[in-house]
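Predicted model and sequence follow; I will ask about them next.
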Amino acid sequence: MFERVKKLISTFHIPTAAELEREYLNGAANRVDLEFRQRQIDRGMFRRFDG
C-alpha cells in the first residue's frame, strides 16, 4: 500500500534547482564542457526566478 503512495508522489515530483544542476553537470561531454557548465551554474543559470 505504501509503495503505491510513494509511486504516486514520485510521479508528481518537481525537481529542485540542485537536482537540475546535478543533471546538467552529469551531461558534460568532457572536462572543458564540465568547466563551462560549472561557470554557468555559478552565474545562476538554475537559480533565477522570473516571477
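Noted; the coordinates are in hand.

could you list every residue that touches N30?
Shown in contact with N30 (CB atoms under 8 Å, 6 or more residues apart in numbering): no residues. Bear in mind the C-beta positions are built from the backbone N, C-alpha and C, glycine included.

So it versus R39, what's the distance?
Applying CB to CB, to the nearest Å, one obtains 15 Å for the distance of N30 from R39.

Name the nearest residue to the spatially most central residue of the chain, sequence neighbours excluded.
For the chain, the residue whose C-alpha lies nearest the mean C-alpha position (CA atoms, centre = their mean) is L20; its distance is 0.8 Å. The spatial neighbour of L20 that comes closest, neighbours along the chain excluded (CB to CB, 6 or more residues apart in numbering), is F46 at 5.0 Å.

Can you give me the separation between the one you found and T11?
Using CB to CB, F46 is found at 23 Å from T11.

Out of these two, name the residue with the larger neighbour count.
Ranked by neighbour count (other CB atoms under 10 Å), F46 and T11 place F46 first, with 17 against 7.
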